[in-house]
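J.: Model the following, please.
(chains A and B)
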Number of protein chains: 2
Amino acid sequence: MGKLTFIGLGLGDPKDITLKGLEALREADYVYLESYTSILVGQKPDDLREAYGIEVPFIEADRHLVEGGCEEMLGRATENNVCFCVVGDALCATTHTDLFLRARAKGIEVSVVHNASIMNAIACCGLHLYRFGETVSICFWDDSWKPDSYFDKIADNAKRGLHTLCLLDIKVKEQSVVNLMKGNEIYEPPRFMSVQTALEQLMEIDENRGSPGIVGKDSLVVGVARVGCQNQSIVFGRAEDVASDKASEKLGGPLHSLVVCAQGMEGLQEMEEEFVEQYRI
Amino acid sequence: MGKLTFIGLGLGDPKDITLKGLEALREADYVYLESYTSILVGQKPDDLREAYGIEVPFIEADRHLVEGGCEEMLGRATENNVCFCVVGDALCATTHTDLFLRARAKGIEVSVVHNASIMNAIACCGLHLYRFGETVSICFWDDSWKPDSYFDKIADNAKRGLHTLCLLDIKVKEQSVVNLMKGNEIYEPPRFMSVQTALEQLMEIDENRGSPGIVGKDSLVVGVARVGCQNQSIVFGRAEDVASDKASEKLGGPLHSLVVCAQGMEGLQEMEEEFVEQYRI
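T.: Numbers count the residues shown, from 1 in each chain, chains lettered A, B, ... in the order given. Just a heads-up that it's a prediction; the model follows:
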């Protein structure tokens, strides 16, 4: 009888794994490393494997593999001990709950080793977690596709006196339309949405809608980068200021996330304000 | 120069600590263990200390110590290496962000080691995290005090097609009014709110308000117990069924949490439904 263990790796570096996670990895016949919904910044699979002291090779589970059904992985898990590693917590992304169900349907024993994810670690910016509303995902725009439905959710949260955590798009191992059509296995360089890009999109939507400044120049936002890492960076202030080149420089490389603060009378509470002011740009 | 490290211990057992957390603990001169906002089920401070292989004694930081300002702890952290351990993530509770700020104000170097908390690990029940609205806390009622303001938030979430995570009350080291007045340091036995009690309160509020069944007998809810532990238990179904003695028996001991599911057209999504049906009572 095989088993499948979902392991959350945490947010920052190899030392963010839990003892329970490490123990499971050390007993694994096959280890898959999900690289589609998030990345462990600056860590290559082989570096991670060495840092954990694991002998078996880490198999990269990219979008192709995950959306293609992970049949190989599930097949192996019917007879072997397989670990599926995910940055952050193991079940935060929808794709993974699907995988969990399909493994169960095959009679595979499934277990989960939890870890921190941006969904709780965002508390590091000083805003209270219990004052966050629905989380949204902001995706890259291109010339023909400019979705903006997340804006309604941010507005809805703001009006209820709640903050919104915005998860920013990641494009890893994407093919250009030409390469996709020609069947060339050539991938574009990875792209990670920055706080600056996210704010530019949000401010554009705000202006187009003529809405009352949910994400206008003066709206208060918090930009965070590499939460949980040694070089974590947090910038707080007016949207226009946090979208500036100066703020971008301070935030540095990926991964970024953004918080749009609650508005109006119920905006920031005293202790929240005191906390985020440390990061004012 | 001293420092203060907030360490999230995770949810379940001693093996849920991260390597980073354990490393920090092993370098600590003083270790405080917060026992007020949560507990590591069934673990006594000394057991934990031994499980981690730490020599210095663990000082229990109860409500008295935490609300009393932690002056002793902060004083020590100005010159020593102090760790403050919290079950779950380190910054999920408001009290701890306050402590963070006060340490900073004293010029103490503060850092945070994140871990899983119920706020993200609740994804284990199969409901999608990005479909959760504002989290609420449900407190014990007594004869004279029956607060119900959390009900509005649950209703608000439900109407927006969002689930609500309800954190259930914990009373640790509480004094009776008589003992408090007399200054007797005699504490009541710890009390942990069960899913059954929470649902009874919610259904009573629902009935009193004559509201349209936000938490009526037929509303769908998920009760969870000991999330992240080996003996985790999950029960899904109609509120009346999940509040039954049969469900309570299945859930077992503390800690419990409750999810009130989104309602109406946007209730459960197909994959969520398939997932929670595993736990139908």
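J.: okay, and the helix or strand of chain A with the least pLDDT?
T.: Using mean pLDDT, DSSP states H and E, the weakest-scoring helix or strand in chain A turns out to be helix A:63-67, at a mean of 71.
J.: now what about that helix, what contacts it?
T.: Contacts of helix A:63-67 with the rest of the structure, by C-beta atoms under 8 Å, 6 or more residues apart in numbering or on different chains, involve A:32, A:34, A:36, A:72-73, A:95, A:99, A:172-174. All C-beta atoms are positioned from the backbone trio N, CA, C, and that covers glycine.
J.: Which stretches in the stretch 151-281 of chain A count as helices?
T.: A:177-182, A:195-209, A:239-242, A:245-251, A:270-277 (DSSP state H, counting those that start in this stretch).
J.: repeat for the stretch 1-150 of chain A
T.: Read by DSSP H, counting those that start in this stretch, the stretch 1-150 of chain A holds these helices, from start to end of the chain: A:19-26, A:45-52, A:63-67, A:71-77, A:94-105, A:118-121, A:150-159.
J.: is chain B contacted by the second one?
T.: Pointing back at helix A:45-52 there. No - using C-beta under 8 Å from any C-beta of the partner chain, helix A:45-52 stays clear of chain B, coming no nearer than 9.2 Å.
J.: pLDDT of that helix, averaged?
T.: Averaging pLDDT along helix A:45-52 yields 87.
J.: where's that helix relative to the chain centroid, distance-wise?
T.: 21 Å (C-alpha atoms, centre = their mean, to the nearest Å).
J.: cool, and stretch A:153-168?
T.: With C-alpha atoms, centre = their mean as the basis, stretch A:153-168 stands 17 Å off its chain's centre.
J.: Skipping its backbone neighbours, what lies nearest residue A:262 in space?
T.: Nearest residue to residue A:262 in three dimensions, chain neighbours excluded: residue A:161, at 4.8 Å (C-beta to C-beta, 6 or more residues apart in numbering or on different chains).
J.: try residue A:192
T.: residue A:254 is the one closest to residue A:192 (C-beta to C-beta, 6+ apart), at 3.5 Å.
J.: and if you look at residue A:81?
T.: residue A:29 (4.8 Å).
J.: cool, residue A:126 as well?
T.: residue A:275 is the one closest to residue A:126 (C-beta to C-beta, 6+ apart), at 2.6 Å.
J.: show me what contacts the one you found?
T.: A:125-127, B:97, B:100-101.
J.: from those residues, which has minimum pLDDT?
T.: residue B:97 (86).
J.: what residue ranges in the stretch 151-281 of chain A are flagged as low confidence?
T.: Within the stretch 151-281 of chain A, the stretches with pLDDT under 70 are A:211, A:264-266.
J.: now do 80
T.: A:172-177, A:210-212, A:264-266 (pLDDT under 80).
J.: what residues are up against the closest residue to chain B within it?
T.: Nearest residue of the stretch 151-281 of chain A to chain B, counting by C-beta to the nearest C-beta: residue A:228, 5.1 Å away. By C-beta under 8 Å, 6+ apart, residue A:228 lies in contact with A:10-12, A:16, A:116, A:121, A:124, B:114.
J.: now do 10 Å
T.: By C-beta atoms under 10 Å, 6 or more residues apart in numbering or on different chains, the contact list for residue A:228 reads A:10-13, A:16, A:41, A:88, A:115-118, A:121, A:124, B:18, B:20, B:112-114.
J.: Also residue A:260?
T.: If you count contacts by C-beta under 10 Å, 6+ apart, then residue A:260 has A:133, A:136, A:151, A:154-155, A:157-158, A:162-166, A:198-199, A:202, A:214-215, A:219-222, A:239 around it.
J.: List just the nearest of the contacts of residue A:275 to residue B:108.
T.: residue B:100 (9.7 Å; C-beta to C-beta).
J.: And the closest one, how close does it get to residue A:234?
T.: 13 Å (C-beta to C-beta, to the nearest Å).
J.: now swap in residue A:193 and tell me
T.: For residue A:193 relative to residue A:234 (C-beta to C-beta), the value is 17 Å.
J.: more crowded one of the two?
T.: The neighbour comparison of residue A:193 against residue A:234 (other C-beta atoms under 10 Å in any protein chain shown) goes to residue A:193, with 24 against 21.
J.: Identify the contacts common to residue B:100 and residue A:234.
T.: By C-beta under 10 Å, 6+ apart, the residues touching both residue B:100 and residue A:234 are A:124, A:126, A:275.
J.: and the second one, what does it touch?
T.: Right, the one you point to is residue A:126. Neighbouring residues of residue A:126 by C-beta under 10 Å, 6+ apart: A:222, A:234, A:236, A:268, A:271-279, B:91, B:97, B:100-101.
J.: what about 7 Å?
T.: By C-beta atoms under 7 Å, 6 or more residues apart in numbering or on different chains, the contact list for residue A:126 reads A:272, A:275-276, B:97.
J.: Tell me the most packed of those residues, by neighbour count.
T.: Neighbour counts for the contacts of residue A:126 peak at residue A:275, which has 26 neighbours (criterion: other C-beta under 10 Å).
J.: wait, isn't residue A:202 in contact with residue A:214?
T.: No - Residue A:202 is beyond contact range of residue A:214, at 8.1 Å (criterion: C-beta atoms under 7 Å).
J.: what number of residues lie near the closest residue in space to residue A:102 that isn't next to it in sequence?
T.: Beyond its immediate neighbours in the sequence, the residue positioned closest to residue A:102 (C-beta to C-beta, 6+ apart) is residue A:74, lying 6.4 Å away. Here the count is done by other C-beta under 10 Å, and residue A:74 has 19 residues near it.
J.: now residue A:74: how far from residue B:273?
T.: Relative to residue B:273, and taking C-beta to C-beta, residue A:74 is found at 21 Å.
J.: Next: residue A:97.
T.: Distance of residue A:97 to residue B:273, given as C-beta to C-beta: 12 Å.
J.: Equivalent analysis for residue A:28, please.
T.: Relative to residue B:273, and taking C-beta to C-beta, residue A:28 is found at 31 Å.
J.: try residue A:235
T.: Residue A:235 is 41 Å from residue B:273, by C-beta to C-beta.
J.: The two - which one has more neighbours?
T.: Higher neighbour count among residue A:235 and residue B:273: residue A:235, with 25 against 15, using other C-beta under 10 Å.
J.: my guess is that one contacts residue A:242, does it?
T.: Yes - here residue A:235 reaches residue A:242: they are 5.4 Å apart, a contact under C-beta under 7 Å.
J.: Mutual contacts of these two, please.
T.: Counting by C-beta under 7 Å, 6+ apart, the residues touching both residue A:235 and residue A:242 are A:223, A:281.
J.: returning to that earlier point: farthest-apart pair in the contacts of residue A:126, please.
T.: Going by C-beta to C-beta, the pair spanning the contacts of residue A:126 furthest: A:276 and B:97, at 10.5 Å.
J.: ok, which residues in the stretch 151-281 of chain A are in contact with chain B?
T.: A:156, A:160, A:162, A:228, A:271, A:274-275 (C-beta under 7 Å from any C-beta of the partner chain).
J.: mind listing what the closest residue to residue A:111 other than its chain neighbours touches?
T.: Nearest non-adjacent residue to residue A:111, counting by C-beta to C-beta, 6+ apart: residue A:5, 5.2 Å away. By C-beta under 7 Å, 6+ apart, the contact set of residue A:5 is A:24, A:83, A:111, A:113.
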